[in-house]
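In: I would like to see how this sequence folds:
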Amino acid sequence: MTHTHDEDPACEVAHSEAPAEEAGRTLVAVFASPVADCLLRFGAELGFRTILLEPDPGRRPGGFAAVPEIGDYVDATADVVLTDHHREEIGPLLRDLLKSPARWIGIMGSPRHTGPHVQALADLGVPPEEIARVHRPIGLNIGSRTPPEIALATLAGLIADRNGRPGGFAF
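Out: This next block holds a predicted model:
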């Protein structure tokens with residue numbers, strides 16, 4: 001059986017006959033970390049406009065400037081991923097992100113226990129229905145353990161969402 005890929009744009013991309021579509025999405029990695037590094041690198045390859053938000057200038061890598069207002073870069077195309085759940089800035093930062101038009105907000109962490117962001121947001125007076133908008137865990141459940149695997153699982157989940165798919169192996 002011969003296969004033609006004249007009608008299949010995905011096949012054209014796989015055979016380098018057509019460029020990959022721009023995602024039209026922004027990926028905001030919050031907190032400089034090995035996972036953020038992988039998210040930004042892989043995200044750019046996948047067509048995301050990538051931004052690092054590191055509120056602590058002492059932790060910000062060279063070449064990354066501070067962005068003064070969340071509204072300057074978090075718009076309705078933004079998928080925001082907090083890459084550290086132990087930072088003390090989580091509560092105020094998430095509170096402000098929940099007021100933004102961000103399309104999706106998630107924070108890394110194990111599903112085996114309640115994330116510290118829940119109490120941090122409650123202490124700031126954020127209502128439970130708003131706290132519930134913060135996705136945790138994030139990404140596809142592939143048993144990720146390393147920063148590249150965590151980034152891959154996270155981006156796979158965001159791509160599935162972008163394409164209106166459930167992720168995993170359900171077709």
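
In: Surely Gly106 forms part of a helix?
Out: No - according to DSSP: H, G, I helix; E, B strand; the rest coil, Gly106 belongs to no helix; its state is strand.

In: now the helices for this structure?
Out: In the chain, the helices defined using DSSP state H lie at 9-14, 34-45, 90-99, 116-123, 128-131, 147-162.

In: contacting residues around the fourth one?
Out: Right, helix 116-123. Helix 116-123 is touched from outside by 82, 85-86, 90-91, 94-95, 98, 107, 128, 130-131, 134, 136, with contacts defined as CB atoms under 8 Å, 6 or more residues apart in numbering. Backbone N, C-alpha and C define where each C-beta goes, glycine included.

In: How much space separates the residue most central in space within the chain from Gly62?
Out: Nearest to the mean C-alpha position of the chain, counting by CA atoms, centre = their mean, stands Val81 at 3.8 Å. The gap separating Val81 from Gly62 is 22 Å, by CB to CB, to the nearest Å.

In: now swap in His135 and tell me
Out: 31 Å.

In: And the two? Which one has more around it.
Out: More crowded of His135 and Gly62, by other CB atoms under 10 Å: His135, with 17 against 4.

In: give me every residue that touches the closest residue to that one other than its chain neighbours.
Out: Computed as CB to CB, 6 or more residues apart in numbering, the closest residue to His135 that is not its neighbour in sequence is Gly106, at 3.7 Å. By CB under 8 Å, 6+ apart, the contact set of Gly106 is 79-82, 134-136, 138, 154.

In: Give me the buried subset of these.
Out: 79-82, 134-136, 138, 154 (16 or more other CB atoms under 10 Å).

In: ok, of those residues, which one's closest to Gly164?
Out: Distance to Gly164, by CB to CB, is smallest for Asp79 among the buried ones among the contacts of Gly106, at 14.6 Å.

In: Where does the prediction get shaky in this structure?
Out: 1-23, 63-69, 169-171 (pLDDT under 70).

In: Apply 90 and report the result again.
Out: The chain contains residues with pLDDT under 90 at 1-24, 53-73, 85-86, 109-115, 136-139, 141, 143, 160-171.

In: Distance to Gly24 added to the helices of the chain, as JSON lines?
Out: Converted to JSON lines, the helices of the chain look like this (distance: least, CB to CB, whole Å):
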{"stretch": "helix 9-14", "distance to Gly24": "16"}
{"stretch": "helix 34-45", "distance to Gly24": "13"}
{"stretch": "helix 90-99", "distance to Gly24": "20"}
{"stretch": "helix 116-123", "distance to Gly24": "28"}
{"stretch": "helix 128-131", "distance to Gly24": "26"}
{"stretch": "helix 147-162", "distance to Gly24": "9"}
